[in-house]
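*Asks:* everything below, folded, please.
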Amino acid sequence: MRTSTSPRRRRVVICGFGNVLRADDGAGPLAVQSLGRIAGGRAATLIGQQLLPEWSAALAEADIAYFVDASFDPQITRFRVTPIGVTSTSRLADPHVLGPAKILGLTASVYHHVPKAYMVEIAARDFGFGQELSPCSQTAVRRVTRWLRARLSRRGRSVGGRSGPKPRRLAVVSRDGSHFCLFPKV
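*Replies:* I've put the predicted structure just below:
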(Lines give C-alpha, C1' and ligand atoms only; values in the text may rest on other atoms or scores of the structure.)
Protein backbone atom coordinates (compact mmCIF):
# COMPACT_ATOMS: atom_id res chain seq x y z
CA MET A 1 0.00 0.00 0.00
CA ARG A 2 1.25 3.46 -0.89
CA THR A 3 1.17 6.14 1.76
CA SER A 4 1.12 9.87 1.14
CA THR A 5 4.80 10.13 2.08
CA SER A 6 6.04 7.36 -0.22
CA PRO A 7 7.83 8.51 -3.39
CA ARG A 8 5.81 8.25 -6.58
CA ARG A 9 7.13 8.18 -10.09
CA ARG A 10 5.20 10.07 -12.70
CA ARG A 11 3.90 7.77 -15.40
CA VAL A 12 4.59 9.10 -18.89
CA VAL A 13 3.19 7.79 -22.17
CA ILE A 14 4.61 8.97 -25.49
CA CYS A 15 2.55 8.23 -28.63
CA GLY A 16 4.18 8.51 -32.04
CA PHE A 17 1.95 8.19 -35.08
CA GLY A 18 2.22 8.64 -38.84
CA ASN A 19 2.97 6.68 -42.00
CA VAL A 20 6.66 5.75 -42.18
CA LEU A 21 6.25 5.01 -45.91
CA ARG A 22 5.26 8.65 -46.65
CA ALA A 23 8.57 10.45 -46.04
CA ASP A 24 8.17 13.14 -43.33
CA ASP A 25 4.83 11.71 -42.17
CA GLY A 26 6.93 9.04 -40.42
CA ALA A 27 8.69 11.64 -38.23
CA GLY A 28 6.44 10.96 -35.21
CA PRO A 29 6.97 7.19 -35.10
CA LEU A 30 10.70 7.58 -35.83
CA ALA A 31 11.18 10.12 -33.02
CA VAL A 32 9.35 7.95 -30.50
CA GLN A 33 11.10 4.79 -31.69
CA SER A 34 14.54 6.35 -31.16
CA LEU A 35 13.38 7.76 -27.83
CA GLY A 36 12.08 4.34 -26.79
CA ARG A 37 15.60 2.99 -26.78
CA ILE A 38 16.75 5.90 -24.63
CA ALA A 39 13.70 6.12 -22.35
CA GLY A 40 14.08 2.65 -20.89
CA GLY A 41 11.75 2.31 -17.92
CA ARG A 42 11.05 6.03 -17.70
CA ALA A 43 8.20 6.09 -20.23
CA ALA A 44 5.82 3.86 -22.12
CA THR A 45 5.96 4.30 -25.89
CA LEU A 46 3.09 3.66 -28.30
CA ILE A 47 3.81 3.69 -32.04
CA GLY A 48 1.42 3.29 -34.95
CA GLN A 49 0.30 4.56 -38.31
CA GLN A 50 -2.67 6.21 -36.59
CA LEU A 51 -4.02 6.67 -33.09
CA LEU A 52 -5.87 3.61 -31.83
CA PRO A 53 -8.72 3.37 -29.32
CA GLU A 54 -6.79 0.57 -27.57
CA TRP A 55 -4.19 3.13 -26.51
CA SER A 56 -6.68 4.66 -24.10
CA ALA A 57 -5.91 1.88 -21.56
CA ALA A 58 -2.24 2.96 -21.37
CA LEU A 59 -3.23 6.65 -21.34
CA ALA A 60 -5.56 6.01 -18.38
CA GLU A 61 -2.53 4.88 -16.35
CA ALA A 62 -0.49 7.96 -17.26
CA ASP A 63 0.03 11.26 -15.50
CA ILE A 64 1.50 12.90 -18.61
CA ALA A 65 1.09 12.06 -22.31
CA TYR A 66 2.85 13.38 -25.38
CA PHE A 67 1.39 12.86 -28.87
CA VAL A 68 4.13 13.18 -31.51
CA ASP A 69 3.17 13.69 -35.17
CA ALA A 70 4.36 15.40 -38.34
CA SER A 71 2.83 18.75 -39.29
CA PHE A 72 2.79 20.55 -42.62
CA ASP A 73 2.21 23.90 -40.91
CA PRO A 74 4.73 26.30 -42.52
CA GLN A 75 4.94 28.31 -39.27
CA ILE A 76 6.64 25.35 -37.56
CA THR A 77 10.35 25.50 -38.33
CA ARG A 78 11.47 22.67 -36.00
CA PHE A 79 8.72 21.56 -33.61
CA ARG A 80 5.86 23.00 -31.59
CA VAL A 81 4.36 21.80 -28.30
CA THR A 82 0.79 22.71 -27.34
CA PRO A 83 -1.52 21.47 -24.56
CA ILE A 84 -4.39 19.23 -25.64
CA GLY A 85 -7.91 19.42 -24.25
CA VAL A 86 -10.47 16.65 -24.18
CA THR A 87 -13.11 16.30 -26.92
CA SER A 88 -16.48 14.67 -26.39
CA THR A 89 -16.71 11.04 -27.48
CA SER A 90 -20.19 11.49 -28.97
CA ARG A 91 -18.67 11.65 -32.49
CA LEU A 92 -16.39 8.61 -32.37
CA ALA A 93 -18.32 6.80 -35.11
CA ASP A 94 -15.66 7.59 -37.73
CA PRO A 95 -12.31 6.04 -36.73
CA HIS A 96 -10.53 8.03 -39.46
CA VAL A 97 -10.91 11.22 -37.45
CA LEU A 98 -9.64 9.93 -34.10
CA GLY A 99 -7.26 12.67 -33.04
CA PRO A 100 -5.49 13.11 -29.69
CA ALA A 101 -8.35 15.12 -28.14
CA LYS A 102 -10.87 12.42 -29.06
CA ILE A 103 -8.74 9.55 -27.76
CA LEU A 104 -8.38 11.52 -24.51
CA GLY A 105 -12.18 11.90 -24.47
CA LEU A 106 -12.52 8.15 -24.90
CA THR A 107 -10.01 7.62 -22.09
CA ALA A 108 -12.02 9.93 -19.82
CA SER A 109 -15.35 8.29 -20.59
CA VAL A 110 -14.11 4.71 -20.14
CA TYR A 111 -11.48 5.05 -17.41
CA HIS A 112 -12.52 8.32 -15.70
CA HIS A 113 -8.97 9.64 -15.83
CA VAL A 114 -7.14 11.80 -18.35
CA PRO A 115 -3.42 12.57 -18.23
CA LYS A 116 -2.07 16.06 -18.76
CA ALA A 117 -1.48 15.91 -22.52
CA TYR A 118 0.60 17.75 -25.09
CA MET A 119 0.73 17.70 -28.89
CA VAL A 120 4.28 17.69 -30.23
CA GLU A 121 4.19 18.72 -33.89
CA ILE A 122 7.31 18.05 -35.94
CA ALA A 123 8.04 20.26 -38.96
CA ALA A 124 7.37 18.28 -42.15
CA ARG A 125 7.66 19.34 -45.76
CA ASP A 126 7.60 16.12 -47.84
CA PHE A 127 4.68 13.67 -47.71
CA GLY A 128 5.57 11.80 -50.91
CA PHE A 129 6.28 8.08 -51.09
CA GLY A 130 9.53 7.00 -49.47
CA GLN A 131 11.16 6.36 -46.12
CA GLU A 132 13.67 9.21 -46.14
CA LEU A 133 12.99 12.27 -44.01
CA SER A 134 13.65 15.71 -45.44
CA PRO A 135 16.58 17.60 -43.87
CA CYS A 136 14.07 19.82 -42.04
CA SER A 137 12.34 16.81 -40.44
CA GLN A 138 15.63 15.05 -39.66
CA THR A 139 16.76 18.06 -37.64
CA ALA A 140 13.35 18.38 -36.00
CA VAL A 141 13.28 14.69 -34.99
CA ARG A 142 16.68 15.04 -33.31
CA ARG A 143 15.52 18.14 -31.43
CA VAL A 144 12.21 16.56 -30.36
CA THR A 145 14.02 13.47 -29.13
CA ARG A 146 16.42 15.64 -27.11
CA TRP A 147 13.53 17.76 -25.75
CA LEU A 148 11.51 14.68 -24.69
CA ARG A 149 14.58 13.06 -23.14
CA ALA A 150 15.03 16.21 -21.02
CA ARG A 151 11.36 16.02 -19.92
CA LEU A 152 11.80 12.37 -18.98
CA SER A 153 14.93 13.00 -16.95
CA ARG A 154 13.00 15.58 -14.89
CA ARG A 155 9.75 13.65 -14.60
CA GLY A 156 11.41 10.27 -14.19
CA ARG A 157 12.52 11.17 -10.68
CA SER A 158 10.14 10.65 -7.85
CA VAL A 159 9.50 13.23 -5.17
CA GLY A 160 12.65 13.70 -3.12
CA GLY A 161 14.97 12.82 -6.02
CA ARG A 162 14.90 9.05 -5.46
CA SER A 163 13.83 6.84 -8.33
CA GLY A 164 10.91 4.49 -7.89
CA PRO A 165 10.78 0.81 -8.77
CA LYS A 166 11.40 -0.15 -12.38
CA PRO A 167 8.05 -1.03 -14.02
CA ARG A 168 7.51 -4.40 -15.65
CA ARG A 169 6.83 -4.21 -19.36
CA LEU A 170 4.00 -5.62 -21.43
CA ALA A 171 4.18 -5.77 -25.22
CA VAL A 172 1.08 -5.95 -27.40
CA VAL A 173 1.36 -6.67 -31.13
CA SER A 174 -1.55 -6.34 -33.55
CA ARG A 175 -2.82 -9.44 -35.33
CA ASP A 176 -1.39 -8.30 -38.65
CA GLY A 177 1.88 -7.13 -37.08
CA SER A 178 1.46 -3.54 -38.35
CA HIS A 179 1.94 -1.88 -34.97
CA PHE A 180 2.94 -2.60 -31.42
CA CYS A 181 2.47 -1.10 -28.00
CA LEU A 182 4.94 -1.28 -25.16
CA PHE A 183 3.87 -0.03 -21.76
CA PRO A 184 4.42 -0.79 -18.10
CA LYS A 185 2.37 -3.70 -16.86
CA VAL A 186 -0.11 -2.65 -14.21
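*Asks:* going forward, measure contacts and count neighbours with C-alpha atoms only.
*Replies:* OK.
*Asks:* pull the contacting residues for His112.
*Replies:* By Cα atoms under 8 Å, 6 or more residues apart in numbering, the contact list for His112 reads Ala60.
*Asks:* quick check: Ala60 vs Phe127, distance?
*Replies:* Distance, Ala60 to Phe127, using Cα to Cα, to the nearest Å: 32 Å.
*Asks:* oh, I was asking about Leu152
*Replies:* In terms of Cα to Cα, Leu152 sits 30 Å off from Phe127.
*Asks:* max-length helix in this structure?
*Replies:* helix 135-155 (DSSP state H).
*Asks:* name the residues of that helix that are buried.
*Replies:* Buried positions in helix 135-155, judged by neighbour count with 16 or more other Cα atoms under 10 Å: 136-145, 148-149, 152, 155.
*Asks:* any idea how far Val97 is from Pro53?
*Replies:* 12 Å.
*Asks:* who's more crowded, these two?
*Replies:* Pro53 (15 against 12; other Cα atoms under 10 Å).
*Asks:* ok, now which ones touch the more buried one?
*Replies:* Ile103, Leu106.
*Asks:* check the secondary structure at His113 for me.
*Replies:* On the three-state scheme (DSSP: H, G, I helix; E, B strand; the rest coil), His113 is labelled coil.
*Asks:* what about the closest residue in space to it that isn't next to it in sequence, neighbour count?
*Replies:* Nearest residue to His113, sequence neighbours excluded (Cα to Cα, 6 or more residues apart in numbering): Ala60, at 5.6 Å. Neighbour count for Ala60, taken as other Cα under 10 Å: 21.
*Asks:* got the contact list for Ala60?
*Replies:* Per Cα under 8 Å, 6+ apart, neighbours of Ala60: Thr107, Ala108, Tyr111, His112, His113, Val114, Pro115.
*Asks:* surely Val20 is in contact with Ile47?
*Replies:* No. The criterion here is Cα atoms under 8 Å, and Val20 misses it with Ile47 at 10.7 Å.
*Asks:* intersection of neighbour lists for those two?
*Replies:* Residues touching both Val20 and Ile47 by Cα under 8 Å, 6+ apart: Pro29.
*Asks:* so which of the two has more stuff around it?
*Replies:* Ile47 (27 against 21).
*Asks:* pLDDT wise, what is Leu98 at?
*Replies:* With respect to pLDDT, Leu98 scores 82.
*Asks:* for the remainder of this discussion, apply numbering that starts at 9.
*Replies:* Sounds good: first residue 9 from here, last item Leu106.
*Asks:* got the phi and psi for it?
*Replies:* Phi and psi for Leu106, reported as degrees, to the nearest 10, are phi -90, psi 90.
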